[in-house]
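J.: Structure of the sequence below:
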Amino acid sequence: MMICINVFQVHRETLLHTNASIKEFDLQTRKVTVLYELGATVYSIDYNFKNKQVYFPRYFNNDIMRFGYPAHCIILHKVVSTGNRPAGLAIDSTRNHIYWTESIGSFGRIVRCDLDGSNKTVIAQNLDYPFVLRFDVINSWMYVVERFAKISKSRLDFTEQHLLENIDSDVICMDIGT
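T.: Modelled structure (predicted):
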């Protein structure tokens, strides 16, 4: 069983994600609250601080969902239907885009759309099982983990690619400091 935990601090709360649920951890009271029981396989989440939305791809449902946070009541909205097995997801709140990885067997691609799900565009194809995406939006870099192959960085339009590390292990999580 793979478990990847993504953590985002929003105000005095921290959002935690596991394969089973999205939780809120209050740093002051140390109380943990389950915001949403996923009921689907989810490998990543991201938070858009501009529109106060949590986004996550459902791996076997082939879609990306979102909900407002903070909120008294969690209401899910389907943003976009994706291709096969979306795993990695990253929000570019500067340009109002969602990026995600898709895999078909051992090959895959990176796709982008607007925050409302419109204007789907394939950014990169024929990647070796892309799984994790992270952004440095200040410097316009996208970091990509291709499972069992490599970690690289490129511009957000997938130009100017740089190999950071060849890997032969299963990397399913990554974060960067900015």
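J.: what's the pLDDT at the spatially closest residue to Arg134 that is not a sequence neighbour?
T.: Counting by CB to CB, 6 or more residues apart in numbering, Tyr143 is the residue found nearest to Arg134 once chain neighbours are left out, at 4.5 Å. C-beta: built from backbone N, CA, C; applies to glycine. On the pLDDT scale, Tyr143 is placed at 87.
J.: I'd like to know how many residues surround Tyr143.
T.: Using other CB atoms under 10 Å, Tyr143 has 20 neighbouring residues.
J.: Contacts for the helix or strand harbouring it next, please.
T.: Per DSSP states H and E, Tyr143 falls inside strand 141-146. For strand 141-146, the external contacting residues (CB atoms under 8 Å, 6 or more residues apart in numbering) are 88, 90, 99, 101, 110, 127-136, 151-156, 158, 164, 167, 171-172, 174, 176.
J.: For the buried ones among those residues, write the corresponding ChimeraX selection.
T.: Buried subset of the contacts of strand 141-146, written as a ChimeraX selection, criterion 16 or more other CB atoms under 10 Å:
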select :88,90,99,101,110,127,129,130,131,132,133,134,135,151,152,153,154,156,158,171,172
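J.: Just the contacts of strand 141-146: which are in strands?
T.: Members of those lying in strands (criterion: DSSP state E): 90, 99, 101, 110, 127-128, 130-136, 151-155, 164.
J.: quick revisit: direction-wise, compare the strand holding Tyr143 with strand 150-155 and give the angle.
T.: 150 degrees (axes from the mean of the first three to the mean of the last three CA atoms, to 10 degrees).
J.: Name every strand pairing with strand 141-146 and say which way it goes.
T.: Strand 141-146 has the following sheet partners, assigned by DSSP bridges: strand 130-136 (antiparallel), strand 150-155 (antiparallel).
J.: now those strands as CSV including mean pLDDT and distance to Lys50?
T.: CSV is the format used below for the strands paired with strand 141-146 (pLDDT from 0 to 100; distance: least, CB to CB, whole Å):
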stretch, mean pLDDT, distance to Lys50
strand 130-136, 88, 14
strand 150-155, 85, 22
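J.: any chance of these in TSV, with distance to Thr121 too?
T.: Formatted as TSV, the strands paired with strand 141-146 follow (distance: least, CB to CB, whole Å):
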stretch	distance to Thr121
strand 130-136	15
strand 150-155	14
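J.: For the residue positioned nearest the centre of the chain, list each beta-bridge partner.
T.: By CA atoms, centre = their mean, the mean C-alpha position of the chain lies nearest to Leu89, the distance being 2.2 Å. Using DSSP bridges, the beta-bridge partners of Leu89 come out as Trp100.
J.: residues contacting it?
T.: If you count contacts by CB under 8 Å, 6+ apart, Leu89 has them with Ser44, Ile45, Asp46, Tyr55, Phe56, Pro57, Ile64, Ile98, Tyr99, Trp100, Thr101, Leu133.
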